[in-house]
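Q: Here is the input, now give the coordinates:
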Amino acid sequence: MNFDYFMSMLIPMLEGAKATVLLFVLAIVLSIPLGFMLTLAVRSSMKPISFLAQTYIYIMRGTPLLLQLLFFVFGLPLLPVIGEFLVLDRFVAATLAFILNYAAYFAEIFRGGLLSIDKGQYEASQVLGLSKWQTTTRVILPQMFRVTLPPIANESVSLVKDTALLYAVAVPELLHYAQTVVNRDFTIIPFFIAAGIYLLIAFALTIVFKYLERKLQYD
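A: Next up, the predicted model:
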């Protein structure tokens, strides 16, 4: 295999990797705050809001992401009455599915982080005269993020791998281009190249989260 042939495989796969990275960035940036809002909704004193949030999390975590992708990409336009208004670009629909799915997982991570904080922290904050807002922002949230950062890192790496599911809904991404070359040239080398790209992305994420863990540990 000469260099020119290798580059002819690599360049389109890097184009596909752009879609992979874009999906990851959009999903992680939007699903984390949405997940935290869901956590607050679950802990709400208003029972209907708490019930709806818990039901949402149960449905999104209890059904396969692939099924959700198929629904958002192909199912939304088939809904009675409103379907014609829900015809989305496939990448946009898939991104929406990823955001809503991972928000449910992050919500559970944040809920576990809040539960891990001793109730004495709240009582001590009251003794010190801190307001509820000050207690939340200065005492509770920093500890919660310190506890939840490792599982967030794990979910982020899983998100990178799950982007390969775009292949199932015909959205051109890294795996799509790899499979195209495999079918065209009858070689498995593109699969190894794709694996290498996924590993590089996961490695970069691991370094970033390790840095954040160290920073939070010494702050």
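Q: Would you check that my belief about Y105 contacting G35 is correct?
A: Yes: applying C-beta atoms under 8 Å as the test, Y105 and G35 come out as touching, 7.2 Å apart. Backbone N, C-alpha and C define where each C-beta goes, glycine included.
Q: Between the two, tell me which one has more neighbours.
A: Using other C-beta atoms under 10 Å, the more surrounded residue of Y105 and G35 is G35, with 24 against 21.
Q: where does the more buried one land in three-state SS?
A: For G35, the reduced secondary structure class is helix; criterion used: DSSP: H, G, I helix; E, B strand; the rest coil.
Q: So for it, what's the nearest residue that isn't a sequence neighbour?
A: Taking C-beta to C-beta, 6 or more residues apart in numbering as the measure, G35 lies nearest to F106, with 2.9 Å between them; neighbours along the chain are not counted.
Q: From A170, how far out is that neighbour?
A: 28 Å (C-beta to C-beta, to the nearest Å).
Q: Those two: which has the busier surroundings?
A: When F106 is set against A170 and neighbours are counted by other C-beta under 10 Å, the residue ahead is F106, at 24 against 11.
Q: surely that one meets L30?
A: No: in terms of C-beta under 8 Å, F106 does not count as a neighbour of L30; the distance is 10.5 Å.
Q: Which elements pack onto the helix or strand harbouring L159?
A: Of the helices and strands defined by DSSP states H and E, L159 is found in helix 141-162. Packed against helix 141-162, as judged by 3 or more C-beta pairs under 8 Å, 6 or more residues apart in numbering; DSSP states H and E, are the following elements: helix 3-42, helix 90-115, helix 189-218.
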